[in-house]
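Trainee: For reference, the sequence and a predicted model appear below.
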Amino acid sequence: MNDKPVFDYPLFAMGFRAFFALAGLSALALIALWNQMSQGAFHTDHYYAGTLWHGHEMLLGYATAVIAGFLLTAVRNWTGVQTVSPDQLASLSFLWIYGRVTPFYSELLPDELIAALDVAFLPALAYFIGKPILKTGQIRNMLFIALLLLMSAGNVLIHAEVLGLTAGTAMMGLNLVVTVIVMMILVIAGRVFPFFTERGLTGVICIRNPGLDIAACGVSLAVLLALMMGLSGALLAVLAGAAVVLNGLRVSAWYNPRIWYVPLLWVLYVGYGWLIAGFALVGLAAFGLISAALALHAFTVGGIGILTLGMMARVALGHTGRALKASNVMAIAFVLINVAALFRVFFPALLPGWYNGFILASTYSWLAAFSLFAFYYAPVLTQPRIDGEPG
């Protein structure tokens, strides 16, 4: 009997390979399409409305692909148990792809089928990471199963409105997904930032403060839940201010000035800084001083976009046997994605009359950053490990 996988290729050897490749390509395709759609240069009958498609695909398309690649790889490391076989990984990848492509065929396919294919991905991912976690009894890692299922619930709320089953739930679903992704990042940051910093800087020992971690994550969750409930005014501003202070104290405990010489480290710290900026902007928006959309994009383009690019860059190097050193190409990409966030968030706040020009500049900076990622990491993700080890 031949037990050789059908998809016996390096791309399907580990979860990060397939899904980081899909994330990089989708970061280019989704933003390029959205740029054309928002300018009226491209129109198609689509399952989602335009702005809903943009939000859904960047969160439940791009960001979810990064999360899938990270968790399928990390859970294997945490538990010592394989998460997916090459064929299972390929099937999961195709399911993700179907969720991106089928909405463009809404005139040919039943809406219920389009929704079912997209909704199925996150529960399937939760199943594959849940098996080894439950098998090894790692109770604290069960949190990630719950977070994936919460993201799935948000996705269901979006599709329920699109299918006409509910009214006004799509935005609630998007906000729930943003909340879960930001909280997932904050939880993972507490695990990997000190470790990465100590590995990247000789002789450095980071201070770990579990109490501060809980407080920072707790008040951050309170802010995000308050936003979901539509709160504003002084209460939201106070919560947001507390989130700024506690997260600032948290990250300062891991910080060392030498990170600025290591692009794989500074990109992560700057990405966390964008999350802190997001909470600060929430406080300003609570009093109507700026648009709430600017705070949202500080979390998404800034925090999620920069941190996911930085994490993909480091994880892919480490798990393919390469030195943990960013190339000059990726250092430029890290700068460009920060430029994209600046053009999307801060410049429109300062000069709102130039909004359209800033959005275009942000779009091109984002596309440039991910073009460099795709160029540099294509061989990293698709070729065998350079040290000959499996994976």
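Mentor: Structure received.

Trainee: Report the contact partners of V267.
Mentor: 306, 309-310, 313, 326, 334 (Cβ atoms under 8 Å, 6 or more residues apart in numbering). Just so you know, the C-beta spots here come from the backbone N, C-alpha and C atoms, and that holds for glycine as well.

Trainee: Which one of those residues is nearest to P390?
Mentor: P390 lies nearest to A313 out of the contacts of V267, by Cβ to Cβ, at 22.0 Å.

Trainee: check which helix or strand covers that closest one.
Mentor: helix 305-318 (DSSP states H and E).

Trainee: just checking, next helix/strand downstream of that helix?
Mentor: Counting by DSSP H and E, what follows helix 305-318 is helix 328-344.

Trainee: who's in contact with that next one?
Mentor: By Cβ under 8 Å, 6+ apart, helix 328-344 touches 263, 266-267, 270, 274, 297-298, 301-302, 305-306, 309-310, 313, 326, 358-359, 361-363, 365-366, 368-370, 372-373, 375-376.

Trainee: can you put the contacts of V267 in JSON lines and add pLDDT and distance to V187?
Mentor: Shown next, in JSON lines, are the contacts of V267 (pLDDT from 0 to 100; distance: Cβ to Cβ, whole Å):
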{"residue": "I306", "pLDDT": "98", "distance to V187": "18"}
{"residue": "L309", "pLDDT": "98", "distance to V187": "19"}
{"residue": "G310", "pLDDT": "97", "distance to V187": "17"}
{"residue": "A313", "pLDDT": "97", "distance to V187": "20"}
{"residue": "A326", "pLDDT": "93", "distance to V187": "25"}
{"residue": "F334", "pLDDT": "98", "distance to V187": "23"}
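
Trainee: got the angle for the helix or strand that contains G357 vs helix 305-318?
Mentor: According to DSSP H and E, G357 maps onto helix 355-382. If you take axes from the mean of the first three to the mean of the last three Cα atoms, to 10 degrees, helix 355-382 sits at 10 degrees to helix 305-318.

Trainee: got the buried residues for helix 355-382?
Mentor: Using 16 or more other Cβ atoms under 10 Å as the test for burial, helix 355-382 gives 358-359, 361-370, 372-374, 376-377, 380-381.

Trainee: Tell me which other helices or strands that helix touches.
Mentor: helix 15-38, helix 305-318, helix 328-344, helix 346-350 (3 or more Cβ pairs under 8 Å, 6 or more residues apart in numbering; DSSP states H and E).

Trainee: Any idea which of the ones you listed has the lowest pLDDT on average?
Mentor: Across the helices and strands packed on helix 355-382, helix 346-350 has the smallest mean pLDDT, namely a mean of 90.

Trainee: what comes up buried for that helix?
Mentor: 346-349.

Trainee: and F20, what does it touch?
Mentor: Residues counted as contacts of F20 (Cβ under 8 Å, 6+ apart) are 65-66, 69, 312, 315-316, 377, 381.

Trainee: Same list, those, but as JSON lines with distance to L212 please.
Mentor: Shown next, in JSON lines, are those (distance: Cβ to Cβ, whole Å):
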{"residue": "A65", "distance to L212": "31"}
{"residue": "V66", "distance to L212": "26"}
{"residue": "G69", "distance to L212": "29"}
{"residue": "M312", "distance to L212": "27"}
{"residue": "V315", "distance to L212": "26"}
{"residue": "A316", "distance to L212": "30"}
{"residue": "Y377", "distance to L212": "34"}
{"residue": "L381", "distance to L212": "36"}
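
Trainee: Which one of those residues is nearest to V282?
Mentor: Nearest to V282 out of these is V66 (Cβ to Cβ; 23.6 Å).

Trainee: element containing that closest one, please.
Mentor: With DSSP H and E as the test, V66 turns up in helix 64-79.

Trainee: packing partners for that helix?
Mentor: Using 3+ Cβ pairs under 8 Å, 6+ apart: helix 64-79 touches helix 15-38, helix 86-101, helix 111-136, helix 142-162, helix 170-200, helix 305-318.

Trainee: Would you mark the buried spots in the fourth one?
Mentor: When you say that, I think you mean helix 142-162. 144-145, 147-148, 150-152, 154-162.

Trainee: can you count the residues close to the residue lying closest to L296 once chain neighbours are set aside?
Mentor: Closest residue in space to L296, ignoring its immediate chain neighbours: V178 at 7.2 Å, by Cβ to Cβ, 6 or more residues apart in numbering. Neighbourhood size, V178 [other Cβ atoms under 10 Å]: 24.

Trainee: Was I right to think V178 contacts T300?
Mentor: Yes: with contact defined as Cβ atoms under 8 Å, V178 reaches T300; the gap is 6.8 Å.

Trainee: what do the two both touch?
Mentor: L59.

Trainee: if we can go back for a sec, single out the most deeply packed of the helices and strands packed on helix 355-382.
Mentor: helix 305-318 (a mean of 24; mean count of other Cβ atoms under 10 Å).
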